[in-house]
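> Provided below are the primary sequence and the corresponding predicted coordinates.
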Amino acid sequence: MEKREKGFPISHVFGFILSLVLTFVAAWIALKTNISPTIVMWVIGTLAIIQAGLQLFMFMHVTEGEDKKTQLINIFYGVFCALVIVIGTIWVMGFGNHMH
């Protein structure tokens with residue numbers, strides 16, 4: 001077992017503050033600007049992807065550990081599951097009514 005140093009988790013605090021900033025920027029763009037809804041959705045989606053990556057590195061310790069191959073496989077599996085859920089939901093909500 002490796003020995004962990006106890007101390008103030010500055011990286012967690014920094015990641016939390018940066019996540020809050022990204023969330024507030026997305027909310028501000030959505031609510032306070034007069035740009036087209038399509039551009040707003042693209043900006044929010046981009047900020048969400050950036051925030052997901054930030055949380056992987058800051059909170060889930062993706063760069064730590066010995067077995068990098070297993071971590072990479074787990075990340076790809078998580079991304080695959082998220083894509084299946086999102087794309088499947090859009091597909092069912094958008095085209096599911098045509099069968100009736």
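Noted; the coordinates are in hand.

> nearest residue to the middle of this protein?
When Cα atoms, centre = their mean is applied to the chain, the residue found nearest the centroid is residue 52 (2.1 Å).

> SS state for that one?
The local conformation at residue 52, judged by DSSP: H, G, I helix; E, B strand; the rest coil, is helix.

> got the contact list for the residue lying closest to residue 33 once chain neighbours are set aside?
Leaving aside its chain neighbours, residue 33 sits nearest to residue 40 (7.3 Å; criterion: Cβ to Cβ, 6 or more residues apart in numbering). Heads up, the C-betas are built off the backbone N, CA and C, glycines and all. Neighbour list for residue 40: 29-30, 33 [criterion: Cβ atoms under 8 Å, 6 or more residues apart in numbering].

> buried sites along the host helix or strand of residue 40?
Assigned by DSSP states H and E, residue 40 falls within helix 37-58. Residues of helix 37-58 classed as buried: 40, 43-44, 47, 51, 54, 56, 58 (neighbour count, 16 or more other Cβ atoms under 10 Å).

> over to stretch 17-33?
19, 22, 26.

> turn the residues you listed into JSON lines, columns for secondary structure.
Formatted as JSON lines, the buried residues of stretch 17-33 follow (three-state DSSP):
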{"residue": "19", "secondary structure": "helix"}
{"residue": "22", "secondary structure": "helix"}
{"residue": "26", "secondary structure": "helix"}
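
> kind regards, and thank you for your time.
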